[in-house]
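Q: model the structure of this input:
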Amino acid sequence: MSGTADGYLEVTGRIRAAEAEAERPAGAVTLVAVSKTHGPETIRPVIEAGQRIFGENRVQEAQGKWPALKAEFPDVELHLIGPLQSNKAGDAVALFDAIESIDREKIAAALAAEMEKQGRRPKLFVQVNIGEEPQKAGIPPLEAVAFVARCREVHGLAIAGLMCIPPVDASPGPYFALLAKLAREAGVEELSMGMSSDFETAIAFGATSVRVGSAIFGARDYG
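A: Predicted structure coming up:
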């Protein structure tokens, strides 16, 4: 078995253990394997080991490797977890099964137009800049509930959940708790939170999906 398949099996075991520790049902948390910067030869063993949901940061990079993999493995689901530019909305709707990074009005409008045009309905998440960090994308926490309502009422978008990335130098628990509170207030069910360094904490705070890359694939290859 390849190293990446071993990493995948270790992570899934840790997810199941964290679910049990949090007294949540087995299978309550979905793993999004973050395959950005990794090529098909690294990704394929993880698919063959059973993983079916993958996350990519960039539309263009995903276009270069996923159409062939999706043809080979038709039940694979692809999530866009990085920032989306409005001029890439059409490509994103065509390729991705979920878009987790809606972070401004312009993107909501562009996605609504493309979804209508293409007849595709990827699952949608609003990204919240949970730590209000200037270098990060996302809606400020105080505006998140109203923004979800505008996505629904103005743009006709069905928002499934919220996504966040806590500050790297802080304890993540309070940020995960805040995202869960905002989700309840916004009336959305799904919480995409937790990465390689903190996904067990995220599960304790109610994550429905975790985005794990380096714990599965190892260090990223930026070429």
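
Q: surely residue 138 touches residue 127?
A: Yes. Applying Cβ atoms under 8 Å, one finds residue 138 in contact with residue 127, separated by 4.3 Å. The C-beta positions use only the backbone N, C-alpha and C, and glycine is treated the same way.

Q: tell me, how many neighbours does the nearest residue in space to residue 164 that is not next to it in sequence end up with?
A: Nearest residue to residue 164, sequence neighbours excluded (Cβ to Cβ, 6 or more residues apart in numbering): residue 130, at 3.9 Å. Close neighbours of residue 130, defined as other Cβ atoms under 10 Å, add up to 26.

Q: ok, residue 130 to residue 111 distance?
A: Distance from residue 130 to residue 111, counting by Cβ to Cβ, to the nearest Å: 22 Å.

Q: just to revisit the earlier point, can you list residues touching both of residue 138 and residue 127?
A: Both residue 138 and residue 127 are contacted by 103, 164, under the criterion Cβ atoms under 8 Å, 6 or more residues apart in numbering.

Q: what strand or helix carries residue 184?
A: Residue 184 is located in helix 173-186, with elements delineated by DSSP states H and E.

Q: please enumerate the strands of this structure.
A: 30-34, 53-56, 77-80, 98-102, 123-128, 159-164, 190-192, 209-212 (DSSP state E).

Q: quick one, which of these is nearest to residue 219?
A: strand 30-34 (12.7 Å; Cβ to Cβ).

Q: pull up the pairing partners for the closest one, direction included.
A: Using DSSP bridges, the strands paired with strand 30-34 are strand 53-56 (parallel), strand 209-212 (parallel).

Q: from the contact counts, what lies against the helix holding residue 184?
A: Judged by 3 or more Cβ pairs under 8 Å, 6 or more residues apart in numbering; DSSP states H and E, the packing partners of helix 173-186 are strand 123-128, helix 141-153, strand 159-164, strand 190-192, helix 199-204.

Q: now that helix against strand 123-128, angle please.
A: Relative orientation of helix 173-186 versus strand 123-128 (axes from the mean of the first three to the mean of the last three Cα atoms, to 10 degrees): 120 degrees.

Q: buried sites along helix 173-186?
A: 175-176, 178-180, 182-183, 186 (16 or more other Cβ atoms under 10 Å).

Q: which residues does it contact?
A: Applying Cβ under 8 Å, 6+ apart, the external contacts of helix 173-186 come out as 126, 128, 130-131, 141, 144-145, 148-149, 159, 161-162, 164, 166-167, 189-191, 193-194, 201-202, 204-207.
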